[in-house]
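J.: Sequence plus the predicted model coming up.
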Amino acid sequence: MKAIEVAIIGGGPAGSATALSLIKHAFADEKQSIQVTQVCGPNSLRDAIGETIPPAATVELRKLGVSDLLSSDHHLPCPGSHSVWGNEAPGFNDFFFTPIGKGYHLNRRVFNEQLRSAAQDQGVNLLIDAKLTGMSKNKEGYSLSIEQGAELCHRRADFIVDATGIQAKIARALGVARNQYDTVVSACHIFDLAEQPNQPAHTLVCAVDTGWWYGTQLPNRKVLISFCTDKETLKASQINTAEVWFEKLNQSGWFIENCVSQFGMTINCPDAIDSRVSPSAILSCVIGDHWLAVGDAASSYDSMTSAGITKALAQGVEAGAAIASWLIAGNKHQLASYQQNVFDAFNQYLKLHQELYGAEQRFSNEGFWRRRLFSIQ
Ligand SMILES: Cc1cc2nc3c(=O)[nH]c(=O)nc-3n(C[C@H](O)[C@H](O)[C@H](O)COP(=O)(O)OP(=O)(O)OC[C@H]3O[C@@H](n4cnc5c(N)ncnc54)[C@H](O)[C@@H]3O)c2cc1C
């Protein structure tokens with residue numbers, strides 16, 4: 001019997017979680033053979049930013065059978081966050097008291113590699129440093145052009161998964177609209193530390209007039225400091241230039257004082273500032289004719305929620321099961337409920353976004369804070 005070919009495009013957490021879940025459900029059926037190929041995208045230094053996951057992420061990793069990967073020395077336990085938001089008094093959010101697991105500051109590059117190699121161990125065919133450059137639909141399914149190094153190869157796929165992150169390359173190529181509600185920009189820099197601080201690695205968050213600061217310890221003696229604002233503020237203030245960014249940081253009061261004491265660092269003006277966007281956006285549909293979108297490709301959240309990786313894993317768990325059910329048993333219900341769940345979660349997220357930004361009233365006359373509040377149904 002000819003194997004069903006599934007191509008997952010994207011080597012981030014959403015692509016790997018979908019691959020692991022699909023393999024798990026597909027192998028449960030002995031009658032139908034499913035081959036899974038994951039096209040892992042070009043390696044990029046820009047992907048190396050570290051990120052924080054809450055305890056809820058460990059629940060999804062357990063479902064995928066890979067929760068052990070967090071116990072490696074590569075990742076740093078995160079006890080929670082300290083924040084100044086809505087008033088001058090710092091608030092605390094402790095992860096220590098949740099029964100479901102710990103939070104972590106990830107070495108993001110290693111985390112992505114760990115998930116991909118777990119998928120490979122389960123029989124997924126990994127194409128590393130490979131890029132989907134073309135795609136066409138025909139009676140047989142999809143015909144894909146993939147560049148890997150200097151080589152261009154062509155493959156067929158019966159089903160294709162868009163796990164390409166916020167660019168949602170496949171959904172867009174198929175003409176699906178992506179609805180964008182908001183975008184914040186992170187102007188950030190990663191500092192090297194002389195030694196790993198001996199204080200617990202709390203995340204620091206602090207609202208100021210034109211945005212909010214975020215500071216976090218990363219594994220390997222590094223600290224990420226980020227100013228989150230919007231394009232309008234960036235244009236007016238040029239806070240993505242190192243001198244202006246550093247001047248603003250020095251005016252941040254509680255935030256800079258706590259960075260210095262908690263991370264044990266002297267902060268000098270960095271050479272350059274990196275910019276990343278974090279859109280609040282969703283596709284008009286996340287399933288279609290032999291395709292599905294997952295992770296940031298399907299829906300993406302403001303980085304303030306620190307929920308992107310957990311969401312990518314949870315969607316991957318559900319997407320893999322739904323694809324297997326459709327390919328093996330012709331059952332479309334799970335695909336339909338996958339889509340409904342992505343939509344419902346996004347609606348809940350929009351309410352949370354409004355609550356979080358609405359909770360900061362001290363700067364309600366400032367453009368950045370006014371622009372974050374929009375009317376939702
Ligand atoms: C500044 C910032 C801070 C953040 N902080 C946090 C945080 O603290 N905690 C948290 O949980 N989340 C955070 N996020 C969000 C988180 O990074 C994302 O939600 C998460 O990476 C989504 O995973 P994904 O697999 O959907 O997409 P991605 O991780 O973006 O992976 C997409 C993959 O697709 C590949 N790709 C793209 N095009 C092609 C192509 N043509 N062919 C092959 N491959 C392709 C890329 O190379 C990449 O490997 C943050 C985001 C930003 C911008």
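T.: Noted; the coordinates are in hand.

J.: For the closest residue to Ala298 other than its chain neighbours, which residues are in contact?
T.: Excluding the flanking residues, the one nearest Ala298 by C-beta to C-beta, 6 or more residues apart in numbering is Val286, at 4.4 Å. For glycine as for every other residue, the C-beta is placed from the backbone atoms N, C-alpha and C. Contacts for Val286 (C-beta atoms under 8 Å, 6 or more residues apart in numbering) come out as 171, 292-294, 298-299, 338-339, 342-343.

J.: and what of Ile282?
T.: Ile282 is in contact with 178-179, 298-300, 342-343, 346, counting by C-beta under 8 Å, 6+ apart.

J.: By neighbours, which of those residues wins?
T.: For these, the largest neighbour count, defined by other C-beta atoms under 10 Å, is 30 neighbours, found at Ala298.

J.: ok, that one to the ligand distance?
T.: From Ala298 across to the ligand, the span is 8 Å (C-beta to the nearest ligand atom, to the nearest Å).

J.: Let me know how buried the closest residue to Gln315 other than its chain neighbours is, in neighbour terms.
T.: Nearest residue to Gln315, sequence neighbours excluded (C-beta to C-beta, 6+ apart): Val294, at 4.9 Å. Here the number of neighbours of Val294 (other C-beta under 10 Å) works out to 34.

J.: Check Lys169 too.
T.: Neighbourhood size, Lys169 [other C-beta under 10 Å]: 18.

J.: Please verify my assumption that it contacts Thr133.
T.: No - if you go by C-beta atoms under 8 Å, Lys169 and Thr133 don't touch, sitting 10.1 Å apart.

J.: ok, Ile182 - contacts?
T.: Actually, residue 182 is Asp. It isn't Ile. Residues near Asp182 by C-beta under 8 Å, 6+ apart: 279-280, 302, 353, 372, 374.

J.: For the residues you listed, give me a markdown table that also has neighbour count and pLDDT.
T.: As requested, these are exported to a markdown table (neighbours: other C-beta atoms under 10 Å; pLDDT from 0 to 100):
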| residue | neighbour count | pLDDT |
| --- | --- | --- |
| Pro279 | 19 | 96 |
| Ser280 | 22 | 97 |
| Asp302 | 22 | 95 |
| His353 | 21 | 95 |
| Arg372 | 20 | 93 |
| Phe374 | 13 | 70 |
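
J.: Can you tell me which of those residues is closest to Ile309?
T.: Asp302 (13.9 Å; C-beta to C-beta).

J.: so where's the stretch 251-377 of the chain uncertain?
T.: 375-377 (pLDDT under 70).

J.: switch the cut-off to 50
T.: Residue ranges of the stretch 251-377 of the chain with pLDDT under 50: 377.

J.: do the same with the stretch 51-200 of the chain
T.: Checking the stretch 51-200 of the chain against pLDDT under 50 turns up nothing.

J.: one step back: need the contacts of Asp182 in JSON lines (columns: distance to the ligand and secondary structure).
T.: As requested, these are exported to JSON lines (distance: C-beta to the nearest ligand atom, whole Å; DSSP: H, G, I helix; E, B strand; the rest coil):
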{"residue": "Pro279", "distance to the ligand": "9", "secondary structure": "strand"}
{"residue": "Ser280", "distance to the ligand": "12", "secondary structure": "strand"}
{"residue": "Asp302", "distance to the ligand": "9", "secondary structure": "coil"}
{"residue": "His353", "distance to the ligand": "14", "secondary structure": "helix"}
{"residue": "Arg372", "distance to the ligand": "16", "secondary structure": "helix"}
{"residue": "Phe374", "distance to the ligand": "20", "secondary structure": "coil"}
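
J.: May I see those arranged in a markdown table, with distance to Glu247 as well?
T.: Formatted as a markdown table, the contacts of Asp182 follow (distance: C-beta to C-beta, whole Å):
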| residue | distance to Glu247 |
| --- | --- |
| Pro279 | 28 |
| Ser280 | 29 |
| Asp302 | 25 |
| His353 | 29 |
| Arg372 | 24 |
| Phe374 | 31 |
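
J.: ok, for the residue nearest the centre of the chain, nearest residue in space, not its chain neighbours?
T.: Centroid check for the chain by C-alpha atoms, centre = their mean gives Gly308 as the closest residue, at 3.7 Å. Using C-beta to C-beta, 6+ apart and skipping residues adjacent in sequence, the residue nearest Gly308 is Tyr301, 5.9 Å away.

J.: State the number of residues packed around the closest residue to the ligand within the stretch 151-300 of the chain.
T.: At 2.2 Å from the ligand, Gly295 is the closest residue in the stretch 151-300 of the chain, using C-beta to the nearest ligand atom. For Gly295, the tally of surrounding residues (other C-beta under 10 Å) stands at 31.

J.: In this structure it contacts Ala163, no?
T.: Yes - contact criterion C-beta under 8 Å: Gly295 and Ala163 qualify, at 5.3 Å.

J.: Spit out the residues that contact those two alike.
T.: Common neighbours of Gly295 and Ala163, using C-beta under 8 Å, 6+ apart, are 10, 12, 14-15, 316.
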